[in-house]
Every structure is written in C-alpha cells, then in structure tokens.
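**Student:** how does the following fold in three dimensions:
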Amino acid sequence: MIHQVVNQTSTKFKSLISHLCDSLGVSRSGYYRYFSLCAEEARLKRLKEEQHRLEVIQKAICFKGRKNKGIRQVAMVLKGEFNIIFNLKSIHRIMKKYGLLSQVRRSNPYRKLAKATQAHRVCPNLVNRQFRPLEPYKVLLTDITYLKYGKGQTAYLSTILDSATNEVLAFQLSEHLKIDFVLQTLNQLQENPTVQLTKETIIHSDQGVHYTSPQFSNQLKELGIQQSMSRKGNCWDNAPQESFFGHLKDEADITNQLTFDDLLIEIEEYIDYHNNFRYQWNLKKLTPVGYRNQLQVA
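**Tutor:** Here you go, the predicted model:
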C-alpha cells in the first residue's frame with residue numbers, strides 16, 4: 001500500500017515536472033542535469049572564480065584611491081600594475097552585475113568664450129587637430145576650466161598638456177580669472193626640467209581673452225615658441241585638453257574640498273596620478289610619462 005502511494009506521488013511529481021518543462025521550453029534531461037551533483041560543483045567553481053575576479057577588479061578600481069574607472073581603465077591597471085589580463089567583456093559583465101560601472105561623462109556643448117578687445121590678436125590654427133606628433137614637446141595644449149568646491153566657491157585651473165603624451169607639463173590653480181595665473185603657467189612650463197622647448201614647439205589654445213592678450217603673446221615670443229588657436233566656438237580643435245578636464249572632474253574629489261588649499265593638494269595629487277599611474281588606451285596602454293619615455297627611447 002505504501003509502495004503504491006509512493007509510486008503515485010512520484011508519477012504525479014514527474015508529470016508536474018514534465019508539464020513545467022514543456023511550458024518553459026526546457027527539456028526534462030536538462031532540468032535533471034541542472035540539479036545534478038556535477039552541475040552543482042561546476043556552478044560553485046564558476047562562482048568562486050567570479051568572486052576572485054571581482055576582488056581583483058575592485059583592487060584595480062580603487063588603485064591610487066581614484067575609484068571612478070571605466071572598463072578599459074580597469075583592464076589597463078590590471079595589466080600594468082598586477083600583471084593580470086582579463087578581456088573587456090568579462091570585466092564589463094562583472095562590473096555590471098555588481099553595480100561597479102562608472103557613469104558616462106557628458107560633454108558640455110556650451111563653452112563660454114570671452115570677447116577680445118581690438119588690442120587682442122587671434123592666431124591661425126596651426127595644429128588642425130593633428131594631436132599625435134611622434135615626439136614630445138612639439139604640440140602643447142592649454143586651457144582654463146572652473147572647479148566648484150566647498151560651500152559654493154569657484155576656483156580656476158590653467159594647464160598645459162603635451163598632446164603627444166597627454167602629460168600635464170604645467171598647471172596653476174587660482175581663485176580669480178586674472179591673466180597672471182595663465183602667465184604663471186607659462187613660467188612653470190619654462191622651469192620644468194624635463195621639458196625641451198624648441199622653435200618648432202607650438203602652443204595651442206581657444207580664442208579666450210587670456211590667450212589673445214598681448215601679455216600672453218609676448219611671453220610666448222620670449223620663450224621662442226609658436227602660437228596656434230582653435231576656430232571660434234569649436235571645442236573639438238582642443239579635444240585632448242577638454243578630455244583631460246572631463247576626466248579630472250569625474251575622478252578627482254573636488255566638491256568635498258572645503259578650502260582652496262585642500263583643493264590645491266587634491267589637484268596636485270590627481271595630476272601626479274594622471275601623469276604617472278593613469279593608463280590610457282590610446283597611448284599603447286601606458287601612462288603619459290611611460291609613453292613619453294618610450295617615445296624618447298625610440
């Protein structure tokens with residue numbers, strides 16, 4: 001009697017499983033295989049491997065305290081710092097699954113350009129978007145961006161970037177927009193012991209009032225370098241510089257700095273990180289300084 005009841009229950013259970021498998025389009029053999037001991041062990045092995053990869057990816061994301069990293073940035077840090085190679089699809093899957101994907105940076109199409117007076121001079125675009133010369137210190141890019149920090153304060157950052165390597169060669173942070181801090185950026189460029197300026201060196205900017213000023217032009221003449229300018233209102237003519245500012249605002253902890261001095265320390269630390277530790281896909285997956293060293297050896 002008990003044996004009959006067990007058989008009937010087993011038959012009904014198998015019938016229910018068959019009905020559910022048919023409804024979901026799953027084979028009965030596949031169902032039983034999924035719950036087999038072999039399949040369970042395989043799933044546990046995959047989960048263990050995934051947890052290991054997750055731990056390694058989290059280390060890469062937190063490398064040097066700069067947590068807002070994209071998929072390619074994570075892949076380059078893994079290879080460059082930990083000698084680990086994961087493919088981009090694997091990194092993307094794990095980062096998406098565990099909510100680690102960084103926000104996509106939006107470009108700002110509304111750049112305000114100051115109007116120059118008649119004493120200010122606009123120069124031709126000598127660079128013409130040729131941002132990758134084969135030697136460092138041939139094409140330099142410069143611009144100014146604003147940084148919101150603390151309790152509604154605004155600071156202004158002037159930088160000079162080597163377009164061949166994306167290395168920041170000089171920078172000045174200011175609480176005002178007077179031309180002095182832009183000229184100080186040029187002074188810092190001249191004092192940088194690694195920089196080798198020649199008559200072929202070009203410095204490229206937008207048509208902002210600082211760069212069309214006689215003071216700026218005269219200082220470039222004293223340095224013996226050429227001046228180039230983007231077309232009016234065209235941010236693509238200075239794209240690598242704009243890209244650097246975008247990454248800085250994404251990755252540096254700017255808004256939480258309460259004082260100007262705190263912000264200056266954060267900017268100094270980020271630029272050191274950018275130059276020496278931030279791997280870049282279009283620089284053969286090297287850092288700016290690493291790529292510059294490779295160009296100079298070649």
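**Student:** so, low pLDDT: which residues of the stretch 101-250 of the chain?
**Tutor:** The stretch 101-250 of the chain contains residues with pLDDT under 70 at 103-121, 129-132, 232-237.
**Student:** can you do 50?
**Tutor:** Scanning the stretch 101-250 of the chain for pLDDT under 50 picks out the ranges 109-118.
**Student:** what are the ranges of the helices in it?
**Tutor:** Counting by DSSP state H, counting those that start in this stretch, the stretch 101-250 of the chain has helices at residues 180-191, 214-223, 239-251.
**Student:** okay if I get those helices as CSV plus mean neighbour count?
**Tutor:** From N, CA and C alone the C-beta is placed, and that goes for glycine too. Below are the helices of the stretch 101-250 of the chain laid out as CSV (neighbours: other CB atoms under 10 Å):
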stretch, mean neighbour count
helix 180-191, 17
helix 214-223, 14
helix 239-251, 19
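**Student:** show me the residue sitting in the middle of the chain in space.
**Tutor:** What sits nearest the mean C-alpha location of the chain, by CA atoms, centre = their mean, is residue 247, with 4.6 Å.
**Student:** the closest residue to residue 177 other than its chain neighbours bridge partners, please.
**Tutor:** Leaving aside its sequence neighbours, residue 177 sits nearest to residue 156 (CB to CB, 6 or more residues apart in numbering; 5.6 Å). Applying DSSP bridges to residue 156 gives these bridge partners: residue 146, residue 174.
**Student:** residues touching residue 156, list them.
**Tutor:** Contacts were defined as CB atoms under 8 Å, 6 or more residues apart in numbering; by that measure residue 156 touches 144, 145, 146, 147, 173, 174, 175, 176, 177, 181.
**Student:** run a quick neighbour tally on the residue lying closest to residue 263 once chain neighbours are set aside.
**Tutor:** Among residues not flanking residue 263 along the chain, residue 257 sits closest, at 4.1 Å (CB to CB, 6+ apart). As a burial measure, residue 257 scores 20 neighbours (other CB atoms under 10 Å).
**Student:** now residue 257: how far from residue 181?
**Tutor:** In this view, residue 257 and residue 181 are 18 Å apart by CB to CB, to the nearest Å.
**Student:** now swap in residue 28 and tell me
**Tutor:** 75 Å.
**Student:** quick one, what contacts the closest residue to residue 245 other than its chain neighbours?
**Tutor:** Computed as CB to CB, 6+ apart, the closest residue to residue 245 that is not its neighbour in sequence is residue 145, at 4.4 Å. Residue 145 is in contact with 156, 157, 245, 248, 249, counting by CB under 8 Å, 6+ apart.
**Student:** swap in 10 Å and give it another go.
**Tutor:** 108, 111, 155-159, 241-242, 244-246, 248-249 (CB atoms under 10 Å, 6 or more residues apart in numbering).
**Student:** now the strands for this structure?
**Tutor:** Per DSSP state E, the chain carries strands over the ranges 139-149, 153-162, 168-174, 202-205, 226-229.
**Student:** out of the ones you listed, which is closest to residue 128?
**Tutor:** Comparing the strands of the chain against residue 128 with CB to CB, the closest turns out to be strand 226-229 (8.6 Å).
**Student:** how much space between the residue nearest to residue 245 and residue 47?
**Tutor:** Separation of residue 145 from residue 47 (CB to CB): 45 Å.
**Student:** I'd say residue 228 and residue 125 touch.
**Tutor:** Yes: the pair residue 228 / residue 125 is scored as a contact, 5.9 Å apart, by CB atoms under 10 Å.
**Student:** what sits closest to residue 198 if chain neighbours are left out?
**Tutor:** residue 137 (7.4 Å).
**Student:** pretty sure that neighbour contacts residue 200?
**Tutor:** Yes: between residue 137 and residue 200 there is a contact at 9.1 Å, judged by CB under 10 Å.
**Student:** more neighbours: the two, which one.
**Tutor:** Neighbours were counted for residue 137 and for residue 200 using other CB under 10 Å; residue 137 has more, 25 against 13.
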